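Undergrad: Below is the sequence, then the predicted model.
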Amino acid sequence: MPATSMDELVSLCKRRGFIFPGSDIYGGLQGTYDYGPLGIELKNNLKAAWWRAMVYERDDVEGLDASILTHRLVLRHSGHEATFTDPMVDCRNCKSRWRADQLKDNKCEKCGSTDLTEPRPFNLMFKTTVGPVAEEGSFAYLRPETAQGIFTNFKNVVDATSRRLPFGIAQIGKAFRNEITPRNFIFRVREFEQMELEFFVQPGTDDEWHSQWVEARLQWWRDQGLLSENLQAYHQAGDELAHYAKATVDILYQFPHGLEELEGIANRTDFDLGSHTRGQADLGLSAKVEPNEDSTAKLTIPHPETQKPLVPFVIEPSAGVDRGVLAILTEAFTKETLENGSERIVLKLKPHLAPIKVAVLPLARNKPEIVEKAKAIKALLMATGIGRIFYEDTGNIGKGYRRHDEVGTPFCVTVDFDTLGRGDDASLLDTVTVRDRDTMSQARIHINELATYIRERLV
Ligand SMILES: Nc1ncnc2c1ncn2[C@@H]1O[C@H](COP(=O)(O)OP(=O)(O)OP(=O)(O)O)[C@@H](O)[C@H]1O
C-alpha cells in the first residue's frame, strides 16, 4: 500500500537524505527544498527517463536548455505580465494571506475568520535586477515556466536542424513562482523543475496529436511505477480552460493530500508562436493575440503541403519534476509486517529510478581480504555503468539490508568467507550472496555472472 500520510514521507526523506527544507539552519525559506544525496539521484534518474523517452527514443524531438533569466518583453508578449496571477485575499483578523480559490468555506485557515478582503490578482513572477545599476528597466524575470524559452528559440532550432512539421522541442529546467501559499511538501513550492515538451503540428492534426500525447504521457508515468488506479486523466471543462487553450487534459495523481495535478497536456493552438512572431497580421493566426511590435523573428515553418509560411499549433505536455518525485515516493513507500512481527519499511522503486542500484557489503570490515574483494566487486559493477554502486562497510549486514530497503536499493551483494573459499563448502569460492529488496530472497551467484545477473534485473 502506498504512503497515505505526508508526514511519513517527509520524515523518511529527511532521515535518509532525500529532501531537506531549504535554508534550514537559518529557520528555513518557505517554499524551497534542497535535494540531498539520495534525492538528487532519484530526481536525476527521473529526468533521465523523461529525456530518454522524449528525445532519444523518438526521431521527431530536439533538446534545449534556455536561460532562466528572461527578458521582460518575452514575458510581456507571452501574456504573463498581464495574466499570470492568482486571486489573493487578506484575512482582516490575523493579517495572513491566502489564495482565494484554495480556501475551503471562505474561511481563514489560520484563525477561522470569515472577515476576508475581496480577491485581487497577485502576479506570481519573481523579478531580479540585472547588471550593476538597479533602475527601472534593468530588471529581468526568473522564468515562471520553461516553455517560453522554447518558443523564443523556435527559429534558431528550425534553422539549425532543418526540422519540418511535426516535431518537438524538449526542455528540463527550473521555474519560479511566487506562490501565495506554498504547501504540501514539494507539491507546491516557489522554486521547482519542469519537464516540458512543445510539440509543433499542422493545424487540423492537433486534436489527434493531443490525444496521442495524453496516452503517451499516461503510459510513461505508469512505466515509472505509478499504478493506473492512482492516476486519472481529467479533461478540463470549457470554463476552466486558459484563454489560449483549445483543450487541456490534466494527469492527476492520488497524492497523500488528495487527487491533484501531476502534469498538464494542453493544445495551445498558435497562440504562443503567434504572440511572439513579427508580422502577425499576414499570418492568418487562429488565436487572438496582442499586437507585437518588438519581436525581430518570423516564427513560421513551411506548411507540409503548400510550403507556404505557417505558424504551427502546439501541443504541450508539461510535467513537474518535484511533483513526479513526490508521486513516485508516495507509490513506492511500503510498510510490511514480517513473519517475526517486526515492521519493515521498503521503497519499492522501479530499479531504473533507485538512487543506489547495488550495495556491496563486506561481512566484516576488519578483514582485509574480504574488504579487498568487496571493493573489487564494487569496481566491477561500476564498470557496467548501471549507476551508483554503494560500498557499505558498517559491518552489520542485517542493519545494512534494512537501510537499503528504506532507500529503495534493489540489490545488496554480501561478500563473506565463502567468497574467499574459506567456508565449509569450497565450491562457494568466488560466489556472493545477492539479496532482492522486494522478496528478501537470497541467491548465491558466481562473481563472473554477477554483472549480467544484476543488469538483467535492473530494467
Ligand atoms: N508551485 C509549483 N510547485 C511544484 N510544481 C509545480 C508548481 N507549479 C506548477 N508545477 C508543475 O508544473 C506543471 C505545469 O505547470 P502549470 O502551469 O500547468 O501548473 P498549474 O496548472 O499552474 O498548477 P496548479 O494549478 O497546481 O498551480 C504542473 O503540472 C506541475 O507539475
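TA: Received the coordinates, thanks. Numbers count the residues shown, from 1 in each chain.

Undergrad: excluding its backbone neighbours, what's nearest the single nearest residue of the stretch 351-459 of the chain relative to the ligand?
TA: Of all residues in the stretch 351-459 of the chain, residue 353 sits closest to the ligand, at 17.2 Å by CB to the nearest ligand atom. Where C-beta positions appear, they are placed from N, C-alpha and C, glycine not excepted. The spatially closest residue to residue 353, leaving aside those adjacent along the chain, is residue 45, at 4.7 Å (CB to CB, 6 or more residues apart in numbering).

Undergrad: hmm, back to that, does the residue of the stretch 351-459 of the chain closest to the ligand touch residue 225 like I think?
TA: Yes - here residue 353 reaches residue 225: they are 7.0 Å apart, a contact under CB atoms under 8 Å.

Undergrad: shared neighbours of these two, which are they?
TA: Residues touching both residue 353 and residue 225 (CB atoms under 8 Å, 6 or more residues apart in numbering): residue 328.

Undergrad: out of those two, which sits in the busier spot?
TA: Legend: neighbour count by other CB atoms under 10 Å for residue 353 and residue 225, higher for residue 353 (24 against 16).

Undergrad: Write out the residues of the stretch 101-250 of the chain neighbouring the ligand.
TA: 145, 177, 179, 188-189, 192, 194 (CB under 6 Å from any ligand atom).

Undergrad: can you put those in CSV and add secondary structure, pLDDT and neighbour count?
TA: Shown next, in CSV, are those (DSSP: H, G, I helix; E, B strand; the rest coil; pLDDT from 0 to 100; neighbours: other CB atoms under 10 Å):
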residue, secondary structure, pLDDT, neighbour count
145, coil, 98, 20
177, coil, 98, 22
179, coil, 96, 18
188, strand, 98, 21
189, coil, 98, 22
192, strand, 98, 21
194, strand, 98, 22
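
Undergrad: Please export the C-alpha coordinates of the helix or strand hosting residue 7 as CSV.
TA: According to DSSP states H and E, residue 7 maps onto helix 6-16. Provided in CSV are the C-alpha atoms of helix 6-16 (Å, rounded to 0.1, in the frame of the first residue of the first chain):
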residue,chain,number,x,y,z
MET,A,6,2.7,13.1,4.0
ASP,A,7,4.4,13.1,7.4
GLU,A,8,5.7,9.6,6.9
LEU,A,9,7.3,10.6,3.6
VAL,A,10,8.7,13.9,4.9
SER,A,11,10.3,12.1,7.8
LEU,A,12,11.8,9.3,5.6
CYS,A,13,13.1,12.0,3.2
LYS,A,14,14.8,13.9,5.9
ARG,A,15,16.1,10.9,7.8
ARG,A,16,17.6,9.1,4.8
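
Undergrad: and it, what does it pack onto?
TA: Applying 3 or more CB pairs under 8 Å, 6 or more residues apart in numbering; DSSP states H and E, we find helix 6-16 packed against strand 19-21, helix 321-332, strand 333-337, helix 397-406.

Undergrad: Now mean pLDDT, mean neighbour count and distance to residue 61 too, for the ones you listed, in TSV please.
TA: Output for those, formatted as TSV (pLDDT from 0 to 100; neighbours: other CB atoms under 10 Å; distance: least, CB to CB, whole Å):
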stretch	mean pLDDT	mean neighbour count	distance to residue 61
strand 19-21	98	19	30
helix 321-332	98	24	18
strand 333-337	95	15	33
helix 397-406	95	17	36
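
Undergrad: Can you say which of these is nearest to residue 151?
TA: Residue 151 sits nearest to helix 321-332 of all the helices and strands packed on helix 6-16, at 20.5 Å, using CB to CB.

Undergrad: For the ligand, give me its nearest residue in the stretch 301-450 of the chain.
TA: Closest point on the stretch 301-450 of the chain to the ligand, by CB to the nearest ligand atom, is residue 320, at 2.3 Å.

Undergrad: the helices in this structure, which residues?
TA: In the chain, the segments counted as helices under DSSP state H are 6-16, 37-51, 72-77, 80-83, 147-152, 154-161, 206-223, 271-276, 321-332, 368-382, 397-406, 447-457.

Undergrad: Which stretch among those is buried most, on average?
TA: Greatest average neighbour count among the helices of the chain goes to helix 271-276 (a mean of 26), per mean count of other CB atoms under 10 Å.

Undergrad: Dump that helix to CSV, restricted to CA.
TA: The C-alpha atoms that make up helix 271-276 are tabulated as CSV, following Å, rounded to 0.1, in the frame of the first residue of the first chain:
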residue,chain,number,x,y,z
PHE,A,271,-1.2,31.4,-29.5
ASP,A,272,2.4,31.2,-28.3
LEU,A,273,4.3,31.5,-31.6
GLY,A,274,1.6,33.9,-32.8
SER,A,275,2.2,36.1,-29.8
HIS,A,276,6.0,36.1,-30.3
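
Undergrad: and that helix, is it in reach of the ligand?
TA: No - using CB under 6 Å from any ligand atom, helix 271-276 stays clear of the ligand, coming no nearer than 13.2 Å.

Undergrad: now for that helix, which elements pack on it?
TA: Counting by 3+ CB pairs under 8 Å, 6+ apart, helix 271-276 packs on helix 72-77, helix 147-152.

Undergrad: Can the first one be said to contact the ligand?
TA: No - among the residues of helix 72-77, none lie within reach of the ligand under CB under 6 Å from any ligand atom; the closest is 13.6 Å away.

Undergrad: Show me how far that helix is from its chain's centre.
TA: 26 Å (CA atoms, centre = their mean, to the nearest Å).

Undergrad: dump the residue contacts of the residue nearest to the spatial centre of the chain.
TA: When CA atoms, centre = their mean is applied to the chain, the residue found nearest the centroid is residue 321 (1.4 Å). Residue 321 makes contacts with 43, 46-47, 172, 192-195, as judged by CB under 8 Å, 6+ apart.

Undergrad: Counting neighbours, what do you get for the residue of the stretch 301-450 of the chain closest to the ligand?
TA: 23.

Undergrad: for it, what are its contacts?
TA: 192-195, 262-263.

Undergrad: go again using 10 Å as the cut-off
TA: 175, 186-189, 192-196, 261-264, 326-327 (CB atoms under 10 Å, 6 or more residues apart in numbering).

Undergrad: Out of the residues of the stretch 101-250 of the chain next to the ligand, which is nearest to residue 21?
TA: Once CB to CB is applied, the member of these that ends up nearest residue 21 is residue 189, at 10.6 Å.

Undergrad: Could you report the distance from the closest one to residue 98?
TA: For residue 189, the distance to residue 98 equals 17 Å [CB to CB, to the nearest Å].
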